[in-house]
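Enquirer: okay, sequence plus prediction incoming.
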Protein chains: 2
Amino acid sequence: MNNNQLVVKLILDRWFAVIKSCDSLLDAVSDEQLQKEIATGKNRGIYLLGHLIAVHDDLLRLLGLGEKMYPELFEPFLKSPDKAVADIPSAETLRGYWKNQNEVLKEKLNSIQPEEWFTKHTAVSEEDFAKEPQRNKLNIIITRTNHLSYHLGQLILLK
Amino acid sequence: MNNNQLVVKLILDRWFAVIKSCDSLLDAVSDEQLQKEIATGKNRGIYLLGHLIAVHDDLLRLLGLGEKMYPELFEPFLKSPDKAVADIPSAETLRGYWKNQNEVLKEKLNSIQPEEWFTKHTAVSEEDFAKEPQRNKLNIIITRTNHLSYHLGQLILLK
């Protein structure tokens, strides 16, 4: 394994490990618990779950892997704060999206070749990428894994 | 910049960015707020701050950069859960440790050469490292950055 292959493995392993921790947490909390706020006056669990799915949905586009699977989640879970949109999908529906999304992402992320991870993501121009080579696909996973860890630290409070 | 230099930069940039977010949060909360629980019945802010300093203190040892600066934090903030040890340092003291530690870590982390990040950390044997090359110094930073993001997601609830 060369260093490129190794770092891609490290970074993807971390992504999948945090996803797995979220899976375990979701298995441990009921739909009723998901309706609760993580702390008084803060976001509800269900909002954070929808938010994570919406953010991860955008990974497909940023990595050039295809279109969003659940574009309808943008409005209630990314554009709007919690409780601003009354009509949101049920916990059961979001659990299904989460599971399905992670199966699709796993297959697609694993299909990217090590060298390709060092190429630009789709939200940066060729010109800007030439000046800022750190804006590559790998960095998208690094930042999104930390975003996921941040919210996992909150979701765990539902237990 | 070759790919090794680039990924080291990506991973360290993320570490320093999350540290900076923690700095901003600590500036925004008072010592009194740090004494509060992040959610009812959960860890207090001050415990999480001590916990992060204790975990980061171990980075020095794991990366072969020297001894722990605050070994006395192991007992109250790593070995013990919150509220199990009555006599802990004040918020003011911990804020000073945090600031000092990050100055030392910044200098030491930036002194490690790109190639050296791919060498083994001190808690793995040469034999195991030959079988599991992912147990390198870089991976320590990846996992600790996610650990930090996880607790930052909790500390932010104090605001």
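Expert: All right, it came through fine.

Enquirer: what angle do the longest helix along chain A and helix B:3-28 make?
Expert: For chain A, the helix that runs over the most residues, judged by DSSP state H, is helix A:3-28. Taking axes from the mean of the first three to the mean of the last three CA atoms, to 10 degrees, helix A:3-28 and helix B:3-28 form an angle of 40 degrees between their directions.

Enquirer: just checking, what packs against helix A:3-28?
Expert: Judged by 3 or more CB pairs under 8 Å, 6 or more residues apart in numbering or on different chains; DSSP states H and E, helix A:3-28 is in contact with helix A:91-111, helix A:137-155, helix B:3-28, helix B:137-155. To be clear about C-beta, it is placed using only N, CA and C from the backbone, and glycine gets the same treatment.

Enquirer: touching the very next helix or strand once past it from outside, list them.
Expert: Toward the C-terminus, helix A:3-28 is succeeded by helix A:31-34 as the next helix or strand (DSSP states H and E). For helix A:31-34, contacts defined as CB atoms under 8 Å, 6 or more residues apart in numbering or on different chains pick out A:Arg44, A:Gly45, A:Ile46, A:Leu49, A:Ser90, A:Ala91, A:Glu92, A:Leu158, A:Lys159.

Enquirer: tell me which parts of chain A are close to chain B?
Expert: Neighbours of chain B within chain A, by CB under 8 Å from any CB of the partner chain: A:1, A:3-4, A:6-7, A:9-11, A:13-14, A:18, A:38-40, A:42, A:118, A:133-134, A:136, A:138-139, A:142-143, A:145-147, A:149-154, A:157.

Enquirer: which of the residues you listed are buried, as a PyMOL select command?
Expert: A single PyMOL command selects the buried members of these (16 or more other CB atoms under 10 Å in any protein chain shown):
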select buried, chain A and resi 3+4+6+7+10+11+14+18+38+39+42+118+133+136+138+139+142+145+146+147+149+150+151+152+153+154+157
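
Enquirer: for B:Asp58, find the nearest of the helices and strands packed on helix A:3-28.
Expert: helix B:137-155 (8.9 Å; CB to CB).

Enquirer: any residue of that closest one touching chain A?
Expert: Yes: Helix B:137-155 reaches chain A (CB under 8 Å from any CB) through B:138-139, B:142-143, B:145-147, B:149-154.

Enquirer: save those residues as a markdown table, and put in pLDDT too.
Expert: A markdown table is the format used below for the residues of helix B:137-155 next to chain A (pLDDT from 0 to 100):
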| residue | pLDDT |
| --- | --- |
| B:Leu138 | 97 |
| B:Asn139 | 97 |
| B:Ile142 | 98 |
| B:Thr143 | 98 |
| B:Thr145 | 98 |
| B:Asn146 | 98 |
| B:His147 | 98 |
| B:Ser149 | 98 |
| B:Tyr150 | 98 |
| B:His151 | 98 |
| B:Leu152 | 98 |
| B:Gly153 | 98 |
| B:Gln154 | 98 |
